[in-house]
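K.L.:
I would like the atomic coordinates for the input below:
(chains A and B)
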Number of protein chains: 2
Amino acid sequence: MQPQPVIAVLAGNEPVHGLAALEQVAEVRITGAAGLPEALAGADILYLWDFFADGVRQAWPAADSLQWIHVPAAGVDKLLFPELVASDVVLTNARGIFDRAMAEHVLGAVLHFAKDFGRAAAQQQQRQWQRYPTTDLAGASVLVAGTGSIGRCTAALLTAVGMRVQGLGRTARTGDPDFGTVHASEDFAPVAGNFDYVVLAAPLTPATRKMLGRDVLAAMKPTAVLVNVGRGALADEAALEDALRAGKLAGAALDVFETEPLPGHSGLWELPNVLVTPHLSGDANKQLPALAQQFADNLDAWKAGRPLMNVVDKNLGFVAS
Amino acid sequence: MQPQPVIAVLAGNEPVHGLAALEQVAEVRITGAAGLPEALAGADILYLWDFFADGVRQAWPAADSLQWIHVPAAGVDKLLFPELVASDVVLTNARGIFDRAMAEHVLGAVLHFAKDFGRAAAQQQQRQWQRYPTTDLAGASVLVAGTGSIGRCTAALLTAVGMRVQGLGRTARTGDPDFGTVHASEDFAPVAGNFDYVVLAAPLTPATRKMLGRDVLAAMKPTAVLVNVGRGALADEAALEDALRAGKLAGAALDVFETEPLPGHSGLWELPNVLVTPHLSGDANKQLPALAQQFADNLDAWKAGRPLMNVVDKNLGFVAS
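P.N.:
Purely as a prediction, here's the structure:
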């Protein structure tokens, strides 16, 4: 009989979903960041249940047997330190789990601005009855930056409600099943002015960091709305705040920020044309059973010697399937 | 050569769209409510451009030649006074024009509550970063009361985003192309508890007045959300406010009210689980060119002796096609 794999589980305050089932098939070491080096010694697998936690790099020298890290999150940007990238340790993520919730969040954000519910709420506080203009999504154009599973699910949902969707990705192409036309990232500024909405749903990598910079902001329609559900650092946040204050774009729904939690002193909180949400578009809490099941399935594959699902290309920074 | 038809146009403060074209094909008498009797004398057609205006019933005795009234609005409940209903005067409305904007408004309202953007905005005002639970539309159930063109467009859009839609109409049926199952209005209370969302998009008639009463409210899920884009009086507004205060339902997006503008003293303004919008879901202003074209097309039909489009069944209170 094969020995059971040893799994170090970096857990935070939240209980680890599916733990009992896991303990049936593995030696499980639950730990916080402080105990991580000890838990990693001799461990085959690191399960980053508390995926917001730091501490993996610091504990890295103790990882003497590590073969696989699983992160139950979509973005792995915080984890990709050089020693991990250079190593043979396989990294997998939770690709797919958050797609639908995030796509719906984007659609809700788009409608929030199309129907100007922010103005409605402000008028409601003043008990003020005044009609105002709205716009329709039917026929409106949207550029979705990010052609991974989140971007594709978002594109499909926005297409389903009658929007004209195009994509922005690493390489320009046409005939994409979800986007039709995909523009190359380096053409972001030249094409940005063609769209009523711009959605950031890309992974954060050296290539995408601050992809929405002053040049893109300057090119956007003044009536355009930005939705960011990817990572805060996909945008030049200072430039974005300037553009929003100056009316260079009409509004922004921001779920992610350069620093999270968004600091109390940030000027973004107070802008009437910004909807701030606290990094919840994927609603991880709601996904806990699916996230636990996804890891259990991958663990089955690992134990059986089958290929793992959702292997991150550590040099690119995302699952490159 | 046939004499040109005489059209009395009841206009308010807004310019009459398409007036120049109209004056090419008809004798046009623009008037306010005060001059309506004089304008109606000898007029063939009454064009209620200012469809919110009163005064038609008062001026009715002067309508000695009237054959047709056109209302560039969807709801004609305010106009159906007994003398008009009993007369041979044909009534047409703007069926179809507002459908898409209203359907999008409903979808936006549904997402506003599913993603709890009201809570996000409240937290934003306090510069407070706190995740909260959200729900998905995928698989959520919605009952759309009203199987006319607005209800059907709404059903199609909500279906397109993955919701499970059923209808509520005059007669129960299955296999409806837009709703699948349509429940009979008298079964509203028995079925209301099966749905996560209830949308009111019915015309206001004696049969539908206060269709959403205390019995239906008591039957709804405490997690359910109401969206009313039809008429305020489709709901028992006092009972609705009570239910919202007591948490008997989770929230309501209300675009229409028993009295409009919603009076300043209404308790609905202050409820945190209510989104008040000022009767703008159809965004009539945006539709002015389409509304003018629709009347011009119907006028062509009338002059050519062809059947008019969108003839209201004055006894039912809506276009019964």
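K.L.:
For the most centrally placed residue in chain A, which non-adjacent residue is closest in space?
P.N.:
The residue lying closest to the centre of chain A (C-alpha atoms, centre = their mean) is A:Gly230, at 3.9 Å. In this structure, A:Gly230 finds its nearest non-sequential neighbour in A:Leu200, 4.5 Å apart by C-beta to C-beta, 6 or more residues apart in numbering or on different chains. Any C-beta I mention is one placed from the backbone N, CA and C, and that applies to glycine too.
K.L.:
Likewise for A:Val256?
P.N.:
That would be A:Gly232: by C-beta to C-beta, 6+ apart, it lies 4.5 Å from A:Val256.
K.L.:
That neighbour contacts A:Glu260, doesn't it?
P.N.:
Yes - when contacts are counted by C-beta atoms under 8 Å, A:Gly232 is listed as touching A:Glu260 (6.9 Å).
K.L.:
More neighbours: which of these two?
P.N.:
Neighbour count, other C-beta atoms under 10 Å in any protein chain shown: between A:Gly232 and A:Glu260, A:Gly232 has more, with 20 against 14.
K.L.:
circling back: what is the burial count for the residue nearest to A:Gly230?
P.N.:
27.
K.L.:
what's it sitting at in phi/psi?
P.N.:
phi -100, psi 110 (degrees, to the nearest 10).
K.L.:
What separation do you get for it and chain B?
P.N.:
Look at A:Leu200 and chain B: by C-beta to the nearest C-beta, to the nearest Å, they are 18 Å apart.
K.L.:
Likewise for A:Pro37?
P.N.:
Per C-beta to the nearest C-beta, A:Pro37 is found 30 Å from chain B.
K.L.:
Could you look up the SS state of that residue?
P.N.:
helix (DSSP: H, G, I helix; E, B strand; the rest coil).
K.L.:
show me the contacts for the residue in the stretch 201-321 of chain A positioned nearest to chain B.
P.N.:
Minimum separation of the stretch 201-321 of chain A from chain B (C-beta to the nearest C-beta) falls at A:Pro261, amounting to 3.5 Å. Counting by C-beta atoms under 8 Å, 6 or more residues apart in numbering or on different chains, A:Pro261 makes contact with A:Pro278, B:Trp129.
K.L.:
What of the one 5 residues further on?
P.N.:
The contact partners of A:Ser266, taken as C-beta under 8 Å, 6+ apart, are A:Phe257.
K.L.:
mind showing which ranges of the stretch 101-250 of chain A have poor pLDDT?
P.N.:
Counting by pLDDT under 70, the stretch 101-250 of chain A shows no low-confidence range.
K.L.:
Spell out the residue ranges of the helices in it.
P.N.:
A:117-125, A:149-160, A:188-192, A:214-219, A:237-245 (DSSP state H, counting those that start in this stretch).
K.L.:
Can you spell out which helices and strands pack onto the shortest one?
P.N.:
Read it as helix A:188-192. Secondary-structure packing of helix A:188-192 (3 or more C-beta pairs under 8 Å, 6 or more residues apart in numbering or on different chains; DSSP states H and E): strand A:141-145, strand A:164-169, helix A:214-219.
K.L.:
Can you give me the buried ones in that helix?
P.N.:
Using 16 or more other C-beta atoms under 10 Å in any protein chain shown as the test for burial, helix A:188-192 gives A:Phe188, A:Ala189, A:Val191, A:Ala192.
K.L.:
My impression was that A:Ala8 belongs to a helix - is that right?
P.N.:
No - residue state for A:Ala8 (three-state DSSP) corresponds to strand; a helix is not indicated.
K.L.:
Is stretch A:47-66 positioned near chain B?
P.N.:
No - against chain B, stretch A:47-66 shows no contacts by C-beta under 8 Å from any C-beta of the partner chain, the least distance being 11.0 Å.
K.L.:
what's the model's confidence in that stretch, averaged?
P.N.:
Mean pLDDT, stretch A:47-66: 93.
K.L.:
Give me the contacts around that stretch.
P.N.:
Contacts of stretch A:47-66 (C-beta under 8 Å, 6+ apart): A:6-14, A:16, A:32-34, A:36-38, A:40-46, A:69-73, A:78-79, A:81, A:83-84, A:89, A:295.
K.L.:
Alpha carbons of that stretch, in PDB - could you do that?
P.N.:
In PDB, the C-alpha atoms belonging to stretch A:47-66 read as follows (Å, rounded to 0.1, in the frame of the first residue of the first chain):
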ATOM      1  CA  TYR A  47      -2.800  23.600  -0.200                       C
ATOM      2  CA  LEU A  48      -3.100  27.400   0.100                       C
ATOM      3  CA  TRP A  49      -6.600  27.500   1.500                       C
ATOM      4  CA  ASP A  50      -6.000  31.000   2.800                       C
ATOM      5  CA  PHE A  51      -4.900  32.200  -0.600                       C
ATOM      6  CA  PHE A  52      -4.600  35.800   0.600                       C
ATOM      7  CA  ALA A  53      -1.900  34.900   3.100                       C
ATOM      8  CA  ASP A  54       1.700  35.700   2.700                       C
ATOM      9  CA  GLY A  55       4.500  33.600   4.100                       C
ATOM     10  CA  VAL A  56       5.100  31.000   1.400                       C
ATOM     11  CA  ARG A  57       8.300  32.600   0.200                       C
ATOM     12  CA  GLN A  58       9.600  33.000   3.700                       C
ATOM     13  CA  ALA A  59       8.900  29.300   4.400                       C
ATOM     14  CA  TRP A  60      10.300  28.100   1.000                       C
ATOM     15  CA  PRO A  61      13.700  26.900   2.300                       C
ATOM     16  CA  ALA A  62      11.800  24.300   4.400                       C
ATOM     17  CA  ALA A  63      10.000  22.900   1.400                       C
ATOM     18  CA  ASP A  64      12.300  19.900   1.000                       C
ATOM     19  CA  SER A  65       9.900  17.500  -0.700                       C
ATOM     20  CA  LEU A  66       7.300  19.800  -2.200                       C
END
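K.L.:
buried sites along that stretch?
P.N.:
A:47-51, A:53, A:55-56, A:59-60, A:62-63, A:66.
K.L.:
Stretch A:75-91 now?
P.N.:
Result for stretch A:75-91 [16+ other C-beta under 10 Å]: buried residues A:Gly75, A:Val76, A:Asp77, A:Lys78, A:Leu79, A:Leu80, A:Leu84, A:Ser87, A:Val89, A:Val90, A:Leu91.
K.L.:
And for stretch A:279-297?
P.N.:
Neighbour-count burial for stretch A:279-297 flags A:279-284, A:286-288, A:291-292, A:294-295 (criterion: 16+ other C-beta under 10 Å).
K.L.:
and the closest residue to A:Leu254 other than its chain neighbours, bridged to which residues?
P.N.:
In space, A:Leu254 comes closest to A:Asn228 once its chain neighbours are excluded; the distance is 5.2 Å by C-beta to C-beta, 6+ apart. Counting by DSSP bridges, A:Asn228 forms beta bridges with A:Leu200, A:Leu254.
K.L.:
Find the helix or strand that A:Arg29 is a member of.
P.N.:
For A:Arg29, the element it lies in under DSSP states H and E is strand A:27-31.
K.L.:
Tell me the helices and strands packed up against that strand.
P.N.:
strand A:6-10, helix A:19-25, helix A:36-40.
K.L.:
Show me the domain layout of chain A.
P.N.:
Here the domain parsing of chain A from automatic domain parsing is A:6-96+A:285-319, A:99-276.
K.L.:
what's the closest of those domains to B:Gly151?
P.N.:
domain A:99-276 (17.4 Å; C-beta to C-beta).
K.L.:
got the helices and strands packed on helix A:188-192 as a markdown table, with mean neighbour count and distance to chain B columns?
P.N.:
As requested, the helices and strands packed on helix A:188-192 are arranged in a markdown table below (neighbours: other C-beta atoms under 10 Å in any protein chain shown; distance: least, C-beta to the nearest C-beta, whole Å):
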| stretch | mean neighbour count | distance to chain B |
| --- | --- | --- |
| strand A:141-145 | 24 | 14 |
| strand A:164-169 | 22 | 14 |
| helix A:214-219 | 18 | 22 |
